[in-house]
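> Here is my input, please return the structure:
(one chain, ligands or ions: 1)
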Amino acid sequence: MDKKPTRIDEAYITEEGMTDLWNVWYNELHNGQSGLTLKIDRILESTRSEFQRIEVIENKDFGKLLVLYGSLMVADNDNNAYNEMLAHVPLFVHPAPKNVLIIGGGDCGALTEVTRHDDVESVTMCELDKMVVDISKKHFPSLTEGLKDPRVKVVFQDGQDFITNATQKYDVIILDLSDPVGPAADLFQKAFHQQVYDCLADDGILVAQSESPFYNQRTVKAIYKNLRQVFPLVKMYTCFMPIYPSALWSFAFCSKKYHPVQDFRADKYNRLNLDTQYYNNEVHGASFLLPQFIKKTIGE
Ligand code: SPD
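The predicted model follows:
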C-alpha cells in the first residue's frame, strides 16, 4: 500500500480484513481557527441518538474518549479534574448536602464522585439522552460505578422540564452540561438559572460548568452576568482539563449563603480522606484564584 490514509474517509481495508487506521486523526476545532488533534487507534462506537452524534474513540495517551456532537466530553485519562471539581467543591462547603441534583452528566463521572460523600442521602441525575448513559456503562465502567449506589436515582428527561416540575428542594445542584449549543443551550440562560435558584433550599449551592475562559469569552461573560442577577454570591473557579478547549476550564460556584473558601469544611475533608487524582484541600482554595484576563472578562 503506497498511499497512507490521511482522513477517516480514506481509511482502507488491509489484506487481513482489518480497517487500517494507521493515519486517522480526530480534529476538534475551537472557533474554527485552532484546536486539538488526536491520533485515533480505534473507533469503538459511532452512532446517533435521538439528540446527537455519539462516538467513542481510542488514543494511546488518553485511552477511550467520549465524543458528543463532535466535542470531547471525557477520557479515561482525562476526567478526574472536571468530575472531582464539580462534585467535591460544593460538597466540601455545604454543611449538610443531603439532597443533590445533577442535570446532565450522562457519563456519570460527576455522579460517581458525589456518591463518595457519606452525608449525601439522595442523588438524582436528570439526563436527556439515555444512550449516553448506556454507552458510558459499556465503555467507562469506572465512571459509571456510582449508578450501583442505592442513593442514586436516574431520570431521563429534559433538564428544564424536570426543574419546572420539581416538587422538592435540593441542597446542591450541579449543572454538568455539554456546551451551550444544541440540546443544552437553554440551560445556560438566565430563565433557567432562576428556576434552579428557586429549586434550591435556602442555603443551597449551585455549581455549573462554565466553559473555557480563553476560547469562550463572550459566553463566559454572559453566563456570569446572568448568574449574578440571580444569586447573591457567584465565584468562578477553574481546573486543568487537556481535552477541553485551551485546557483551562471554568465552573461557577453560586450560593445563597456559604462562601466557597471561608466555609470549606476541613473536618469533613480530613474525615473522608478521599483518594483523588486532582482535588485536594489546597486545590480547593487555589482554584478560586483567577488570572487578570479572566477577572476582566467576568467583571471582577
Ligand atoms: N467542549 C467540551 C465541554 C464539555 C463540558 N461538559 C462536559 C460534560 C461531561 N460530563
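> Not counting sequence-adjacent ones, nearest residue to residue 237?
residue 287 (4.0 Å; C-beta to C-beta, 6 or more residues apart in numbering). From N, CA and C alone the C-beta is placed, and that goes for glycine too.
> That neighbour and residue 263, how far apart?
15 Å (C-beta to C-beta, to the nearest Å).
> okay, the two: which has more neighbours?
For residue 287 versus residue 263, neighbours defined as other C-beta atoms under 10 Å are more numerous around residue 287 (24 against 14).
> just to revisit the earlier point, look up how far residue 92 lies from the residue nearest to residue 237.
12 Å.
> mind checking pLDDT for residue 7?
Residue 7 carries a pLDDT value of 42.
> how about the helices in this structure?
80-91, 109-114, 130-139, 159-165, 190-199, 217-230, 266-272, 281-286, 292-298 (DSSP state H).
> quick check: mean pLDDT across stretch 147-160?
pLDDT averaged over stretch 147-160 gives 97.
> So which bits of it are buried?
147, 151-152, 154, 158-160 (16 or more other C-beta atoms under 10 Å).
> tell me the two of the residues you listed that are most distant?
Maximum pairwise distance in the buried residues of stretch 147-160, criterion C-beta to C-beta, is 24.6 Å, between 151 and 160.
> Around the ligand, which positions in the protein sit nearby?
Contacts of the chain with the ligand, taken as C-beta under 6 Å from any ligand atom, map to 71, 73-74, 105, 107, 109, 176-179, 209, 244-245.
> so of those residues, which ones are in strands?
Within the residues of the chain next to the ligand, residues falling in strands by DSSP state E are 71, 73-74, 176, 209.
> circling back to that earlier point, just the ones in strands from the buried residues of stretch 147-160, please.
152, 154.
> For the ligand, state which of the buried residues of stretch 147-160 is nearest.
residue 159 (12.8 Å; C-beta to the nearest ligand atom).
> tell me the contacts of that closest one?
Counting by C-beta atoms under 8 Å, 6 or more residues apart in numbering, residue 159 makes contact with 103-104, 126, 128, 175, 177, 184, 187, 192.
> Just the pLDDT for the closest residue to residue 193 other than its chain neighbours.
Closest residue to residue 193 apart from its sequence neighbours, by C-beta to C-beta, 6+ apart: residue 230 at 4.8 Å. The confidence metric pLDDT takes the value 98 at residue 230.
> And the strands in the stretch 1-150 of the chain, which stretches?
12-13, 19-20, 25-30, 34-39, 42-48, 53-59, 63-68, 71-75, 99-104, 122-127 (DSSP state E, counting those that start in this stretch).
> which of those strands is buried the deepest?
Of these, the one with the most neighbours on average (mean count of other C-beta atoms under 10 Å) is strand 99-104, at a mean of 26.
> so what secondary structure elements neighbour that one?
helix 109-114, strand 122-127, helix 159-165, strand 170-176 (3 or more C-beta pairs under 8 Å, 6 or more residues apart in numbering; DSSP states H and E).
> do that again at 6 Å, thanks
Counting by 3 or more C-beta pairs under 6 Å, 6 or more residues apart in numbering; DSSP states H and E, the packing neighbours recorded for strand 99-104 are helix 109-114, strand 122-127, strand 170-176.
> Pull the residues that contact the longest one.
The contact list for strand 170-176 (C-beta atoms under 6 Å, 6 or more residues apart in numbering) reads 86, 90, 94, 97-105, 110, 196, 200-201, 204-208.
> That strand pairs with which strands, and in what direction?
strand 99-104 (parallel), strand 200-209 (parallel) (DSSP bridges).
> model confidence over that strand, on average?
98.
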